[in-house]
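Peer 1: Whatever this is, show me its structure:
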Amino acid sequence: VHGKQWIAMTEEQGVPFSKDFTFEGMVGDPVLIREWNSIHGLPADKFSIENGIITHHMVIPPTNSKGRWPLIIDPQGQANSWIKKMEAENSIRAIRLTDPKYSQYLINAIRLGQPILLENIDETLDPFLEPLLQKQIPKEGMQLKIKTGCRHSL
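Peer 2: Next comes the predicted model:
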């Protein structure tokens, strides 16, 4: 069923709907989106804005406290640039899994509460990352513990 057919069927059934519905209008914050566009360099096209909204809602708690982190396929580097500008004041560090010290950078960022951007990842990830990506953070006593692969415990 396509757009016009869907609208006709919805009207026939007496289901209320908005003819001018947009994803951005439903879940987006216009002030935040303007800030993303003007200050942080997010392109103003519909696709970029919708992806920005989805990414934003995936990373802010409690919206996604048990879910997964966003995977962004970004051949032009626009999302990468936007995220770096958004998190610059929080000292974001972009790392690649090919860097021999990436696990140490990641551990330090977690300990300091700093954001990390993993760049140029492959289809297969280091098992070290799995507990972090799955948000497996058990509580031991009064502390949260992250077991990363078989090498480290934070």
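
Peer 1: can we go C-alpha only for contacts and neighbour counts from here?
Peer 2: Noted.

Peer 1: so what does the helix or strand Ile95 falls within touch, helix or strand wise?
Peer 2: Using DSSP states H and E, Ile95 sits within strand 93-96. Secondary-structure packing of strand 93-96 (3 or more C-alpha pairs under 8 Å, 6 or more residues apart in numbering; DSSP states H and E): helix 102-112, strand 116-119.

Peer 1: Out of the ones you listed, flag the one nearest Phe21.
Peer 2: Of all these, it is strand 116-119 that lies closest to Phe21, at 32.9 Å by C-alpha to C-alpha.

Peer 1: how about Tyr105, what does it touch?
Peer 2: Going by C-alpha atoms under 8 Å, 6 or more residues apart in numbering, Tyr105 touches Ile95.

Peer 1: how close does it sit to Leu132?
Peer 2: 14 Å (C-alpha to C-alpha, to the nearest Å).

Peer 1: secondary structure element for the residue of the chain positioned farthest from its centre?
Peer 2: Residue farthest from the centre of the chain, counting by C-alpha atoms, centre = their mean, is Glu12 at 38.8 Å. For Glu12, the host element (DSSP H and E) is helix 3-13.

Peer 1: And the contacts of that helix?
Peer 2: Pro16, Phe17.

Peer 1: which residue ranges form the helices in this protein?
Peer 2: If DSSP state H is used as the criterion, the helices of the chain fall at 3-13, 23-27, 30-38, 46-59, 78-86, 102-112, 130-133.

Peer 1: what bits of this structure have low per-residue confidence?
Peer 2: For the chain, the stretches flagged by pLDDT under 70 are 1, 60-68, 148-154.

Peer 1: give me that answer again for 90
Peer 2: 1-8, 10, 16-22, 26, 55-75, 103, 106-116, 120-154 (pLDDT under 90).

Peer 1: picking up where we left off before, how far away is the residue farthest from the centre of the chain from Lys85?
Peer 2: If you go by C-alpha to C-alpha, the gap between Glu12 and Lys85 works out to 48 Å.
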